[in-house]
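Enquirer: After the sequence you'll find the predicted model.
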Amino acid sequence: MGVIGLLTAGGDCPGLNAVIRGVTVRATETHDTEVLGILNGWQGLIEGDTVSLDRDDVRGILARGGTMLGTSRMDPYVHGEGLASCMSTIRKTGIETLIVTGGDGTLRSALQLADEGLKVIGVPKTIDNDINGTDMTFGFDTAVSVATEAIDRLASTAEAHNRVMLIEVMGRTKGWIATYAGIAGGADAILIPEVPYDLDAVAAVVKKRYRRGRPFSIVVVAEGVAPPEGATLEVRKDAFGFERLGGVAYALAPEIEDRTGFETRVTVLGHVQRGGTPTAFDRVLATRLGVAAADLAVAGESGVMVALRGSEIEPVPLAEACATVRGVPENLYEVASAFFG
Ligand code: F6P
């Protein structure tokens, strides 16, 4: 076959380098097929910024966070004319199939390119774990591990000072990290966008713990929850036009403090969750996805993304991935909430 083009777009995510390594080694060593890395996401495809990749180029990157190809928030449909904006690079380099590693916005653009006739394979990526059609995304396990460690650390200082600790984790529209880290860290309350919150109920939990001789509490908050009534947060936008989130916990803390009388402190974890080395789980998942994407590209497939289904990696239509954003199911949140208090 012709050349495989490979790009990583959108926010970075631990495991991206494992995907790049997986695609490159599988395509070049197993299938004798050339791989062209595209620099800085869609921007590199539009501007013709590429680098040839072989086995030696991807040594030593498996355990590294970030992406050796770079990424950006540029998008061919938001900032260009779709496929037409990418054609000059595609023609010049002989790219036959494009492997696109990205979150929901990136995969939507990948689907549009496939609809315009380009051969495209998607690789789902986000620490938020909210892409439809796959049971889990790589990066999520790493983010949950970081958030859980933070909760463990906050619990001991909360206990020493009889404080309520609010820990805000990422999760733009869905509360996967908050729910998993909250379960793992034994949170006393978890606020996620999928479930409307009741601050009186949170305060009741804090007071109940006090009565039972536990005068400290841990509350996990997903960054995407609505601010409390009457609070206004400063809204800044990214290059996609998405709101830059972070800081809602600062508006929630005084509400909890006023209702409980307990000093309430805030930790916003932010990008710590996205940086650094991926967990072993994420390295394995990302490697398997990269290998599967290369296999599908060589087989001439298009319009699908590689997905974890049960314990297998399977192709799923990109249209399914883009159909909805996957939220925390009620029964999982119910498990978490059984331990509140
Ligand atoms: O979508 C992944 C994510 O980490 C969100 O949880 C977060 O809101 C967003 O990216 C932040 O992206 P950036 O660092 O580009 O503003």
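Expert: Received the coordinates, thanks.

Enquirer: Could the C-alpha coordinates of stretch 281-299 be exported in CSV?
Expert: Extracted C-alpha coordinates of stretch 281-299, given in CSV (Å, rounded to 0.1, in the frame of the first residue of the first chain):
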residue,chain,number,x,y,z
PHE,A,281,-2.4,-0.4,31.7
ASP,A,282,-2.4,2.6,29.4
ARG,A,283,0.8,1.6,27.8
VAL,A,284,-0.6,-1.8,26.9
LEU,A,285,-4.0,-0.4,25.7
ALA,A,286,-2.3,2.3,23.6
THR,A,287,0.1,-0.2,22.1
ARG,A,288,-2.7,-2.6,21.1
LEU,A,289,-4.7,0.2,19.6
GLY,A,290,-1.7,1.4,17.6
VAL,A,291,-1.0,-2.1,16.2
ALA,A,292,-4.7,-2.6,15.4
ALA,A,293,-4.9,0.8,13.6
ALA,A,294,-1.8,-0.1,11.4
ASP,A,295,-3.3,-3.5,10.6
LEU,A,296,-6.6,-1.9,9.5
ALA,A,297,-4.8,0.7,7.4
VAL,A,298,-2.8,-2.0,5.6
ALA,A,299,-6.0,-4.0,5.1
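
Enquirer: That one: which residues count as buried?
Expert: Neighbour counts using 16 or more other Cβ atoms under 10 Å place 281-283, 285-298 of stretch 281-299 among the buried residues. C-betas here are computed from N, CA, C, even on glycine.

Enquirer: For the stretch 51-200 of the chain, which residues are neighbours of the ligand?
Expert: 103, 126-128, 170-172 (Cβ under 6 Å from any ligand atom).

Enquirer: Run the chain-centre distance for the one helix or strand D282 maps to.
Expert: Using DSSP states H and E, D282 sits within helix 280-298. Centroid separation for helix 280-298 versus its chain: 17 Å, with Cα atoms, centre = their mean, to the nearest Å.

Enquirer: which residues are in contact with that helix?
Expert: By Cβ atoms under 8 Å, 6 or more residues apart in numbering, the residues outside helix 280-298 that reach it are 1, 4, 14-16, 18-27, 30-31, 33, 62-63, 97, 99, 119, 121-124, 136, 138-142, 278, 304, 306, 308, 313, 315.

Enquirer: do that again at 6 Å, thanks
Expert: For helix 280-298, contacts defined as Cβ atoms under 6 Å, 6 or more residues apart in numbering pick out 1, 4, 14-15, 18-19, 22-23, 26-27, 31, 33, 97, 99, 121, 123, 138-139, 141-142, 306, 313, 315.

Enquirer: quick one: strands adjacent to the helix or strand that it is followed by?
Expert: Using DSSP H and E, the helix or strand that follows helix 280-298 in sequence is strand 304-309. Sheet pairing of strand 304-309 (DSSP bridges) gives strand 119-124 (parallel), strand 312-317 (antiparallel).

Enquirer: how about the last one: buried residues?
Expert: If you call a residue buried by 16+ other Cβ under 10 Å, then strand 312-317 has these buried ones: 313, 315-317.

Enquirer: Put together a markdown table for the residues of the stretch 51-200 of the chain next to the ligand, with neighbour count and distance to E334 on each row.
Expert: Shown next, in a markdown table, are those (neighbours: other Cβ atoms under 10 Å; distance: Cβ to Cβ, whole Å):
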| residue | neighbour count | distance to E334 |
| --- | --- | --- |
| G103 | 22 | 27 |
| T126 | 26 | 24 |
| I127 | 30 | 24 |
| D128 | 27 | 21 |
| M170 | 27 | 23 |
| G171 | 30 | 18 |
| R172 | 19 | 23 |
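
Enquirer: Which ones among those map onto helices?
Expert: With helices taken from DSSP state H, there is no overlap with these.

Enquirer: so who does the residue of the stretch 51-200 of the chain found nearest the ligand touch?
Expert: Per Cβ to the nearest ligand atom, M170 is where the stretch 51-200 of the chain lies closest to the ligand, at 3.3 Å. Counting by Cβ under 6 Å, 6+ apart, M170 touches 177, 223, 273.
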